[in-house]
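Q: need the 3D shape of this:
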Amino acid sequence: MFGSTLMVTAFLVFAVGAAIAAIVATRWSKGEQGDIVVVTRFLAAIYAAISLVATVITVVTTLVSDVVRVTIPVQQFWPDVHPWVMLTPPPQASVVGGGISTADVDITGLGLDARLWLAGGHALQGMTFTLIALVVALLCHRMLAGSPFRATLARSIAIVAATIAAGGMAWQVCFGVGGSIASDQALTVSAWAADGVSSEAMNYLMEYFETTGLPQSAMLIDLGFWPLMLGLALAVIGLAFQHSARLQRDTEGLV
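A: You can find the predicted model right below:
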């Protein structure tokens with residue numbers, strides 16, 4: 001049921017995207033670039049609204065829902081075949097290194113500290129994307145008004161550049177800390193016992209299975225520096241817009 005719904009949704013998204021692309025291509029071939037800007041402004045505004053609503057829903061769900069979806073780090077491992085299992089025939093290739101270091105899981109009973117970190121990550125991520133879409137819509141609006149190189153737009157681009165650089169790094173930290181706390185709360189045990197197991201069976205289990213069978217918790221903050229580089233690139237574009245705004249003011253005084 002879920003698979004068929006996903007396929008229908010993907011088909012509808014593809015169909016709408018193809019229709020918009022066809023309209024834009026037709027308008028462009030006719031030299032009606034203004035219509036392309038109108039479509040872009042409309043899509044940017046719709047995306048900003050959807051992103052804002054989705055962010056609010058995600059943050060509230062993370063804080064109050066009993067089950068929270070989270071990516072948790074674990075100490076790297078690879079499941080091994082039980083010693084009493086004989087594979088016939090064995091796999092063509094064998095894993096000789098590496099393993100699983102993160103897992104996407106649904107956790108119940110998650111503590112408030114982890115929830116706050118995860119909610120903060122979702123909020124920063126969603127607000128960053130929303131702000132980007134709003135600036136794109138503002139740029140399109142200025143272009144339609146015939147004054148794209150306004151000082152306010154240059155300042156807006158500078159604000160977006162700072163938001164992407166700071167927000168992009170901050171939400172990765174929030175997700176990393178929140179996921180690490182969730183990993184500790186879901187996987188760390190202080191002691192364990194095997195009830196109703198004979199001493200021979202216990203010795204066998206301890207020989208081949210030195211832990212409870214759960215992955216061991218870990219702490220991981222995986223930082224990608226693309227938000228910082230993208231923010232610096234937008235900052236340079238903002239400076240170019242400021243220079244163009246000054247040139248536009250100078251030429252307006254001469255005409």
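
Q: drop to CA atoms for contacts and neighbour counts, all remaining ones
A: Fine.

Q: list the buried residues for stretch 74-93?
A: Buried residues in stretch 74-93, counted by 16 or more other CA atoms under 10 Å: residue 74.

Q: stretch 47-61 too?
A: Neighbour-count burial for stretch 47-61, counted by 16+ other CA under 10 Å, picks out 47-48, 51-52, 55-56, 58-59, 61.

Q: next step: those residues restricted to helices.
A: Residues of the buried residues of stretch 47-61 located in helices (DSSP state H): 47-48, 51-52, 55-56, 58-59, 61.

Q: which residues touch the lengthiest strand in the chain?
A: Ordering each strand of the chain by length in residues (DSSP state E) puts strand 67-77 first. Applying CA atoms under 8 Å, 6 or more residues apart in numbering, the external contacts of strand 67-77 come out as 61-62, 98-110, 179-180, 182-183, 215-220.

Q: now the buried members of these.
A: For the contacts of strand 67-77, a burial check counting by 16+ other CA under 10 Å picks out 61-62, 101-102, 107, 110, 179-180, 182-183, 215-220.

Q: on that earlier part again, show me what the helix or strand that the longest strand of the chain is followed by is packed up against.
A: Next helix or strand after strand 67-77 toward the C-terminus (DSSP states H and E): strand 100-108. Strand 100-108 sits against strand 67-77, with contacts defined as 3 or more CA pairs under 8 Å, 6 or more residues apart in numbering; DSSP states H and E.

Q: now do the strand it packs on against strand 100-108, angle only.
A: With axes from the mean of the first three to the mean of the last three CA atoms, to 10 degrees as the basis, strand 67-77 and strand 100-108 are set at 150 degrees to each other.

Q: pLDDT on strand 67-77, on average?
A: Strand 67-77 shows a mean pLDDT of 90.

Q: can you report phi and psi for residue 110?
A: As for residue 110, its main-chain torsions (degrees, to the nearest 10) stand at phi -70, psi 140.

Q: which element is the closest residue in space to it that isn't next to it in sequence on?
A: Spatial nearest neighbour of residue 110, excluding adjacent residues (CA to CA, 6 or more residues apart in numbering): residue 182 at 6.7 Å. Assigned by DSSP H and E, residue 182 belongs to helix 151-187.

Q: buried residues in that helix?
A: Buried, per 16+ other CA under 10 Å, within helix 151-187: 151, 153-186.

Q: how near is the residue lying closest to residue 78 once chain neighbours are set aside to residue 77?
A: Residue nearest to residue 78 in three dimensions, not counting chain neighbours: residue 99, with 4.7 Å by CA to CA, 6+ apart. Between residue 99 and residue 77 the computed distance is 5 Å (CA to CA, to the nearest Å).

Q: I'd guessed residue 131 sits against residue 48; true?
A: Yes: proximity of residue 131 to residue 48 meets the contact threshold set by CA atoms under 8 Å, at 7.3 Å.

Q: quick one, what contacts residue 223?
A: So residue 223 contacts 169, 172-173 (CA under 8 Å, 6+ apart).

Q: so residue 37 sits against residue 142, correct?
A: No: assessed by CA under 8 Å, residue 37 is found out of contact with residue 142, at 10.0 Å.

Q: okay, these two: which has more neighbours?
A: residue 37 (18 against 15; other CA atoms under 10 Å).
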